[in-house]
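Student: Build me a structure from this.
(6 chains)
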Protein chains: 4
Amino acid sequence: MISSSNPLDCVDAPKRRGRQRCLEAKEAILSAAMELLEEKSLREVTAEAIAQRAGVSKATIYKWWPNKSLVALDAFLSRIQSNVATPNTGSARTDFTEQLKALIRFCSSPSGRLYAQFIAEGQCDRDFLVQFRDRFLQSRRDEVRIMWQRGVERGEIRADIDSDVALDLVYGPTIFRLLTGHSPLNDQQAEALVAAAFSGIKT
Amino acid sequence: MISSSNPLDCVDAPKRRGRQRCLEAKEAILSAAMELLEEKSLREVTAEAIAQRAGVSKATIYKWWPNKSLVALDAFLSRIQSNVATPNTGSARTDFTEQLKALIRFCSSPSGRLYAQFIAEGQCDRDFLVQFRDRFLQSRRDEVRIMWQRGVERGEIRADIDSDVALDLVYGPTIFRLLTGHSPLNDQQAEALVAAAFSGIKT
Amino acid sequence: MISSSNPLDCVDAPKRRGRQRCLEAKEAILSAAMELLEEKSLREVTAEAIAQRAGVSKATIYKWWPNKSLVALDAFLSRIQSNVATPNTGSARTDFTEQLKALIRFCSSPSGRLYAQFIAEGQCDRDFLVQFRDRFLQSRRDEVRIMWQRGVERGEIRADIDSDVALDLVYGPTIFRLLTGHSPLNDQQAEALVAAAFSGIKT
Amino acid sequence: MISSSNPLDCVDAPKRRGRQRCLEAKEAILSAAMELLEEKSLREVTAEAIAQRAGVSKATIYKWWPNKSLVALDAFLSRIQSNVATPNTGSARTDFTEQLKALIRFCSSPSGRLYAQFIAEGQCDRDFLVQFRDRFLQSRRDEVRIMWQRGVERGEIRADIDSDVALDLVYGPTIFRLLTGHSPLNDQQAEALVAAAFSGIKT
DNA sequence: ATTTAAGCGAGACGGTACGTCTGGTCTTTAT
DNA sequence: ATAAAGACCAGACGTACCGTCTCGCTTAAAT
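Tutor: Presented below is the predicted three-dimensional model:
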């Protein structure tokens, strides 16, 4: 999707000649997609089903999105609250722990399962992966990075560690577990993972 | 796949006259699958294409495997060396660093991309995910756990940290990066990640 | 359709390895097509509708026919009696008159309307036109030519006129009227047309 | 198309309030249609393509014509010379022969192919067929009927034969051949057909 | 001069058929 | 008995075209 024709940009689009894009149709498509994605997996949701539930023609979907995955991504992005809760308790470790607990709750929600399916989709659709990274993942990481920055400034977190490394140390394990389920994900694990990430595993 | 009909069991199947052909067919299927998976993504490789390249009927594939993903998993498992290199340099940190560098090399090989696609496939096929975990991931983790155990015994690694937490701290970030590509994967990053995992991020 | 894979040739096809073509499916397709063509025009009948009414997958239709027009042609050819009634009353003029009356009855039946639609279809599908000509029209003409030949032999019809010219003189006007409806088609007209064709329009 | 809104009637239309019909647009549409119909078949020419080549909106087309076939018919009617050449050599037979040769030349021109496509179109669009008959075919026949009338008056052609029968005897065979291509169309055939029509096929 | 009723270009839209493709099953013949 | 060949069903895919519609601009007659 080229950003200038990004369906989400409609709000600030200048009035063009010709029939204007039917915003209700766009909304209906995103809602239908979201509903269906709560019932079935991304792969099971068909473009036809989205069109039908939205009361919209299939052609209208393909007019604005190149494939159903990107419809799903737009639906997801427009439905989740855009801001991550970035707690500011005064303690970086508490902040990260709270944050991770929130992420873990997210992971076991329908949205979390969708998040996993997006990563999955990205493995065989490079274009989708880029969009997912740029339009969702990166902004999330940037917000969390602020939390990390506060810790650095307060002297709680080492300044000599790259922020990406630090973030991955905290969030990588959780995502890994979300995707493979090899170990549990709960509040207790959140605390254990943050503890380990903060203190390290060496004696 | 029921274990008793696991194609890998063919090896220890009683040597009967009529079964010889079957083994060739199975071998051909696994080879064809592996070849195709080096050319295309798992989703793009079709059961039909595997059958054709293997010179085998599609029915023969479906006789022994419930779906093409599990053919791919079997192909993958039979083609990679089953043992992880678990260095034993006398220093846990060096061991982990070497190990992680090897993993990163693996990740950028065709096999690594396949590994990512398996995790992807697991997101909408619970059965496949379980098999992937049980037949590949778990054994890998168990082998690395030995390395971790050595570190604990030598007093280099804290004994009060759950091994799964420790392993995820080291490997989670890498897998996360493999799947989303949000940050680079190379030897330098391997060292940074291990350093951070060992010392922790707190000051 | 290549003649060797002509669905109608199934009878004399040598036994091939593998599952044999499901003749019931073929029959069901032709019947469904014929039924639908009695309800709607060729253009309105869809491949999907044929598949559905035949209880058959769309892929099965496209496996054996390149498009729905040729399904319709096969259906038509298999449903109409393959022999034209070629009366032999002893008088060529009576023979032609009877024959033309039969053609006119045919023209106002559903089959006649289908015949017209086949000629129509042929105007933008050269391949279809050739098949229609070779598999239907030509054989009809050849049968009528026998009637013409009898007249020639009995000395009733001029031997110096090309048979195609003679046949077109009798049948051309009727087909023209079938297609454009500019003049009526009935028994009386049949007699007038044969009379004119036999005696000519000059004084 | 209702005659009062017939695009060809614009000249004598009473001045209506509001912006007047853009005659350039109408012309452009007809020209574009004609151009496209010389490149592709009627079925292949799309309303969208006509609009685009005419530099006109699709809505403008549908404002004045109910469908693209009737655009094509109007384009055809406005582009061919409206008068048939009706030779008057003094001999009815020569007149008809010349006339038929002209028709045969017409048949193998792009216009002739279009003529065939109009008849084809008429087979599944009764309304179109009526317009084609009334606005083209009938007037042509009426003009040729004059030629026939001259022959009757001169005593060359039998007065007891219905003019429609006579005309169909001469032109039916040619149209039949145009549509199915079962026999050739050339000057020699024109002579043979007229000869047969004049003298009849009986001995 | 202002109103007002078209005409028009742009282009979104619902509807619907197309012909292709794949997954997975089933049947027949040959080995 | 088992495998190869391959027909089959179900149904999604993404594309195409139809004819309708809405919007904002333009034009010209009527007020």
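Student: Tell me which residue is most central in chain A.
Tutor: By Cα atoms, centre = their mean, chain A has its centre lying nearest to A:F136, at 4.8 Å.
Student: Isn't that one up against A:D74?
Tutor: No: using Cβ atoms under 8 Å, A:F136 is not in contact with A:D74, being 10.6 Å away. (Glycine included, C-beta is placed from N, CA and C.)
Student: Need the residues touching each of the two.
Tutor: Residues touching both A:F136 and A:D74 by Cβ atoms under 8 Å, 6 or more residues apart in numbering or on different chains: none at all.
Student: excluding its backbone neighbours, what's nearest A:R141?
Tutor: A:L167 (5.9 Å; Cβ to Cβ, 6 or more residues apart in numbering or on different chains).
Student: try A:A102
Tutor: A:A85 (5.6 Å).
Student: Report how many residues lie close to that neighbour.
Tutor: 10 (other Cβ atoms under 10 Å in any protein chain shown).
Student: and A:D95, what does it touch?
Tutor: Counted by Cβ under 8 Å, 6+ apart, A:D95 has contacts A:T86, A:P87, A:N88, A:T89, A:M147, A:R150, A:G151.
Student: can you pull the contacts of A:G155?
Tutor: With Cβ under 8 Å, 6+ apart, A:G155 has these contacts: B:T203.
Student: So which residues of chain A form helices?
Tutor: Using DSSP state H, the helices of chain A run over residues A:23-39, A:47-54, A:58-64, A:68-79, A:92-107, A:110-122, A:126-132, A:138-153, A:163-180, A:187-199.
Student: ok, the third one near chain D or not?
Tutor: Spelled out, it's helix A:58-64. No: Helix A:58-64 stays clear of chain D (Cβ under 8 Å from any Cβ of the partner chain), getting no nearer than 13.5 Å.
Student: Over that helix, what's the mean pLDDT, rounded is fine.
Tutor: Averaging pLDDT along helix A:58-64 yields 92.
Student: That helix close to chain C?
Tutor: No: for helix A:58-64, no contact with chain C is found by Cβ under 8 Å from any Cβ; the gap never falls below 14.7 Å.
Student: Now find how far off-centre that helix is within its chain.
Tutor: Centroid displacement of helix A:58-64 relative to its chain, using Cα atoms, centre = their mean, to the nearest Å, is 24 Å.
Student: Restricting to C-alpha, output that helix in CSV.
Tutor: This file holds the C-alpha atoms of helix A:58-64, laid out as CSV (Å, rounded to 0.1, in the frame of the first residue of the first chain):
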residue,chain,number,x,y,z
LYS,A,58,-14.8,-8.0,-3.1
ALA,A,59,-13.6,-5.6,-5.7
THR,A,60,-13.8,-2.8,-3.2
ILE,A,61,-11.5,-4.6,-0.9
TYR,A,62,-8.9,-5.3,-3.6
LYS,A,63,-9.2,-1.7,-4.8
TRP,A,64,-7.7,-0.5,-1.5
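Student: Mind listing what's buried along it?
Tutor: Residues A:T60, A:I61, A:W64 are the ones in helix A:58-64 that count as buried (16 or more other Cβ atoms under 10 Å in any protein chain shown).
Student: shouldn't the last one be in contact with A:K26?
Tutor: Yes: in terms of Cβ under 8 Å, A:W64 counts as a neighbour of A:K26; the distance is 7.2 Å.
Student: tell me which parts of chain A are close to chain C?
Tutor: So chain A never meets chain C (Cβ under 8 Å from any Cβ).
Student: Any stretches of chain A with poor pLDDT?
Tutor: A:1-16, A:18-22, A:81-83 (pLDDT under 70).
Student: what do you get if the cut-off is 90, keeping everything else the same?
Tutor: For chain A, the stretches with pLDDT under 90 are A:1-26, A:63, A:79-86, A:203.
Student: that older thread, and the gap between the residue nearest to A:R141 and chain C?
Tutor: 49 Å (Cβ to the nearest Cβ, to the nearest Å).
Student: OK, contacts around that residue?
Tutor: If you count contacts by Cβ under 8 Å, 6+ apart, then A:L167 has A:R141, A:V144, A:R145, A:W148 around it.
Student: In PyMOL, how would I select just the buried ones from the residues you listed?
Tutor: Listed next is the PyMOL selection for buried residues among those, using 16+ other Cβ under 10 Å:
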select buried, chain A and resi 141+144+148
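Student: Among the contacts of A:L167, find me the one that's closest to DNA strand E.
Tutor: Taking Cβ to the nearest atom of the strand as the measure, DNA strand E lies nearest A:R141 of the contacts of A:L167, at 33.1 Å.
Student: that older thread, separation between the residue nearest to A:A102 and A:W148?
Tutor: Look at A:A85 and A:W148: by Cβ to Cβ, to the nearest Å, they are 15 Å apart.
Student: Correct me if wrong: A:T86 contacts A:E98.
Tutor: No: using Cβ under 8 Å, A:T86 makes no contact with A:E98, being 9.2 Å away.
Student: So between these two, which is more surrounded?
Tutor: Neighbour totals were compared for A:T86 and A:E98, and A:E98 leads with 19 against 16 (other Cβ under 10 Å).
Student: Out of the contacts of A:L167, which comes closest to C:S69?
Tutor: Distance to C:S69, by Cβ to Cβ, is smallest for A:R141 among those, at 57.9 Å.
Student: For the closest one, give me its contacts.
Tutor: Contacts of A:R141 by Cβ under 8 Å, 6+ apart are A:D164, A:L167, B:H182.
Student: One more: A:P87?
Tutor: A:P87 neighbours (Cβ under 8 Å, 6+ apart): A:T94, A:D95, A:E98, A:Q99, A:M147.
Student: returning to what we had before: now flag whichever of the contacts of A:D95 is closest to C:N186.
Tutor: A:T86 (89.1 Å).
Student: Distance check, the closest one against D:T180.
Tutor: A:T86 sits at a distance of 78 Å from D:T180 (criterion: Cβ to Cβ).
Student: Wait, A:P173 touches B:A166, no?
Tutor: No: judged on Cβ under 8 Å, A:P173 makes no contact with B:A166 at a distance of 9.7 Å.
Student: ok, the two, which is more surrounded?
Tutor: A:P173 (32 against 24).
Student: ok, of the contacts of A:L167, which one's closest to DNA strand F?
Tutor: Each of the contacts of A:L167 was scored against DNA strand F by Cβ to the nearest atom of the strand, and A:R141 proved nearest at 29.2 Å.
Student: Would you mind stating the distance between the closest one and B:L179?
Tutor: Taking Cβ to Cβ, one finds A:R141 at 14 Å from B:L179.
Student: A:I104 now?
Tutor: 18 Å.
Student: For the closest residue to chain C within chain A, which non-adjacent residue is spatially closest?
Tutor: Proximity of chain A to chain C (Cβ to the nearest Cβ) peaks at A:E48, 13.5 Å away. Nearest residue to A:E48 in three dimensions, chain neighbours excluded: A:K58, at 6.1 Å (Cβ to Cβ, 6+ apart).
Student: ok, that neighbour touching A:A51?
Tutor: Yes: assessed by Cβ under 8 Å, A:K58 is found in contact with A:A51 at 4.3 Å.
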